[in-house]
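Enquirer: just coords:
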DNA sequence: GGGATGACAATTT
DNA sequence: AAAATTGCCATCC
């Protein structure tokens, strides 16, 4: 059949940035997780492309984004490391412990998964 | 408009 | 554990 009907409908980078802005200090997320949370599972590469276009003075915590291996793969890895350590994240050789610092969109207590949610 | 590249990931060898 | 393969999307030449 036809191969994906991707018409003029483009992905929303704003959604990714919105989710990223929700990542708390001292935590990190992978590109894939970020893409998944934003509603675009499997499009990790695209997330990388989006972040690569962020301005240098952006307020978005781009330094909290690492790859699935927990490695800081951004061109400012040294800066990201510096920031993460400042937030209490253990960074070793541009690498963080995903098992310990990986952030999940956990709902705050009281807000249980209700089907009536939007 | 095709091919290479990039802040990726899951699977397989 | 590490390298190779394949998939994925936007951007650059």
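Expert: Yes, it's here. Note that this is a predicted model, so its numbers are computed, not measured.
Enquirer: Which positions in chain A make contact with DNA strand B?
Expert: Within chain A, the positions near DNA strand B by C-beta under 7 Å from any atom of the strand are A:30-33, A:44-49, A:51-52, A:54, A:62-63, A:65, A:67-69, A:73-76. For the C-beta atoms, the positions are set from N, CA and C on the backbone; glycine is no exception.
Enquirer: Let's see which of those end up in helices.
Expert: Those of these mapping onto helices are A:31, A:32, A:33, A:44, A:45, A:46, A:47, A:48, A:49, A:51, A:52, per DSSP state H.
Enquirer: Excluding chain neighbours, give the residue nearest to whichever residue of chain A sits closest to DNA strand C in space.
Expert: Per C-beta to the nearest atom of the strand, residue A:45 is where chain A lies closest to DNA strand C, at 3.3 Å. In this structure, residue A:45 finds its nearest non-sequential neighbour in residue A:31, 7.6 Å apart by C-beta to C-beta, 6 or more residues apart in numbering.
Enquirer: Could you do residue A:61 as well?
Expert: Leaving aside its chain neighbours, residue A:61 sits nearest to residue A:23 (5.8 Å; criterion: C-beta to C-beta, 6+ apart).
Enquirer: how about the one you found, what does it touch?
Expert: A:29, A:61, A:64, A:65, A:103 (C-beta atoms under 8 Å, 6 or more residues apart in numbering).
Enquirer: Make sure I have this right: it is in a strand.
Expert: No: applying DSSP: H, G, I helix; E, B strand; the rest coil, one finds residue A:23 to be coil, outside a strand.
Enquirer: Could you single out the nearest of the contacts of residue A:23 to residue A:11?
Expert: Distance to residue A:11 across these (C-beta to C-beta) is lowest for residue A:65, with 16.8 Å.
Enquirer: Go ahead and build a ChimeraX selection from the buried members of the ones in helices among the residues of chain A next to DNA strand B.
Expert: For the buried members of these, the matching ChimeraX selection, counting by 16 or more other C-beta atoms under 10 Å, is:
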select /A:31,32,33,44,46,47,48,51
